Structures are given as structure tokens and as C-alpha cells.
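Chemist: Sequence and predicted structure, then a few things I'm wondering about:
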Amino acid sequence: MIPHALRRILLSTALFAVGAGVAYAAGESAARSAILDGYAAQAKAEAPIFAGFSADRGRALYLGPHAGGKADTNACAACHTPNPAAAGRHAKTGRTIEPMAVSANPKRFTDRAEVEKRFDRDCPNVLGRACTAAEKGDFITYLSGQ
Amino acid sequence: MTFPRRSIAIGALVLAAVPALANPFERVRPVTHEPTRKECGECHMPFQPGLLPAGSWTRIMDTLNDHFGESAALTPDVAADIRAYLTGNAAGRGDGGLLRITEQPWWTRKHHFRPDVWTRPSVVSKANCEACHRGAAQGLYEDD
């Protein structure tokens, strides 16, 4: 029989843990929304006909294949695998890459500088050019739902 | 009989001298700098600064835009921080004109394998130290 006081402590600890987890996830989701809002504003400035991001376009971008980039990285999926919830592998070094899908890796797309760094490096490898703001938003929108 | 005893003594001396002659790159200080661990470790094992001399690290940090065919560009403040850590903890020996660890003479002397070993799916690259050296991330390479 658990004493009453101890039960209260256990219950409040459990509630706190759940609350902290929810707050943390909410923080990550808010950070992702802020990054998407930034790309939406940029996309509108780049092309006034911009009418929102599309998970389907993001999926097509992710799966490729694309011409213009390097032969061994002709799609995001070349390293990240066609299943974004799976771990990927660096084409040249064999280093494991954490999953891209937010469901499998909630930290994805929560640090704007980190997100920009990766697009700056990877878009030229895959597409042979920089990504547009619309493409970046499509990509994040697709993977946020995966 | 003095001869065998002398042989034993010489043998003991040789054995005692072996640790001093052992490859100094078989045990290096692990990476203790978080930005180095994070940024370098995104694409490959974060190599310990003690695996290359300062001249090599300087040239690597000077050419991050074309890092062996890939862009590894960093913001200037992060790059400066990592550069200081790598050059400040670099090896006291090695060829500073060679950028790749895997081109350093001490490395090539120890890695005479058939070419197909490097293309095995579990290996992929000579830069994948951990494929064979399980303690590589901790700076331990003496398990061969």
C-alpha cells in the first residue's frame, strides 16, 4: 500500500513529466511554424502567385530523381532513403543520418540556422542549384506530416 | 651459463622499448569541443585534432567551401572556433602538406588492404574509421 503523501508526489511528478513533454513538443512545433512562416513570406516576395506550401510537391522534391545535381545524390532520398522515417546514410562517408520525418525525429526543422545550412549544402548536390523558398517550405511541410 | 641470461635481458629491454616505439596515432585524445563534435560529426566521425598536424587543419579550414568535393561551409564565428580547437590540439608530427588523414605516411603504413575492402557496404570509405576500429570515436585505434 503506497502512503497517501507518496502517492501525491508520484502523481504530481507524473503530471509534471507529461506537461513538460507536451510543452517541449509545442515549443518544437512553434519553432517549425516560425521557420515555415519565414519561408512563406520569402516565397511571396519571390513569386506573388505563391498560394501556400504543398506536401505533395515536397514529396516529389524529396523522392526525385532530379537532373542537374550529382549522379550519386540525384534525390534527397538517395541518402535519406525513400522512407523519411528511416535513418539515412551519407553517400560518401557512410555516416548515419537521423530520420528526416518529424514523427521519427521531432527536432527536425526547429533551428533556422541549421535548416538553412543544410539547404545551402544539399540543394546544389541534389538539384545543381539553390532551392527556392517555396521548395524549402514544401519540403518541410511534407516531412512535418511524415 | 650467462648467454641465455643476457638474451633474456636484451629481450626484456626490447620489450620495454616497444611502447615508446608504438604508433603515437593509435591512441589520441578524444574530441572535447562540442561545436567540433557537432559540425564535423554531421557528415563523418569527428576526427580527433591529434590525427593531423596544424598545417593540415589550417588548409582544411581554409577550404571548407570545397571539402573533398562537398560544401562544408560554416558561419565565420563557428569556423573560427573549430579552427582554433583543431590547430591548438593538433599532432606534433605528420605531413602538414597532406589534407587527408588517410594519406599520412603513418596511416598508409598501417592500412595495406585489398581495394575491395574499402568499398564493402559496411565500410564505404576510408574515412569510416569506426567500421573497423570500434573505439575510434573515443580516440582508440590500437585494436588491430
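Modeler: Looks like it arrived, so ask away. Numbering: from 1, shown residues only, chains lettered A, B, ... in the order given.
Chemist: which residue sits closest to the residue nearest in space to the middle of chain B, ignoring its sequence neighbours?
Modeler: A centroid search over chain B (CA atoms, centre = their mean) returns B:L51, at 3.3 Å, as the residue closest to the centre. Once flanking residues are discounted, B:L51 sits nearest to B:I101: 5.0 Å by CB to CB, 6 or more residues apart in numbering or on different chains. Bear in mind the C-beta positions are built from the backbone N, C-alpha and C, glycine included.
Chemist: Could I get the contacting residues of that neighbour?
Modeler: By CB atoms under 8 Å, 6 or more residues apart in numbering or on different chains, B:I101 lies in contact with B:47, B:51-52, B:107, B:127.
Chemist: rewinding a little: could you verify my assumption that the residue nearest to the centre of chain B touches B:V28?
Modeler: Yes. With contact defined as CB atoms under 8 Å, B:L51 and B:V28 form a contacting pair (6.0 Å).
Chemist: any idea how far B:R29 is from the residue nearest to the centre of chain B?
Modeler: Note on B:L51: its distance to B:R29, by CB to CB, to the nearest Å, is 10 Å.
Chemist: With A:S54 instead?
Modeler: For A:S54, the distance to B:R29 (CB to CB) stands at 49 Å.
Chemist: what about those two, which has more around it?
Modeler: Set A:S54 next to B:R29 and count neighbours by other CB atoms under 10 Å in any protein chain shown: A:S54 wins out with 15 against 11.
Chemist: Tell me where the model's unsure across the chain.
Modeler: No chain specified, so I'll use chain A. Residue ranges of chain A with pLDDT under 70: A:1-3, A:5-24.
Chemist: wrong chain, I was asking about chain B
Modeler: In chain B, residues with pLDDT under 70: B:1-22, B:144.
Chemist: re earlier: touching both of B:L51 and B:V28, which residues are there?
Modeler: Shared contacts of B:L51 and B:V28, defined by CB under 8 Å, 6+ apart, are found at B:A91.
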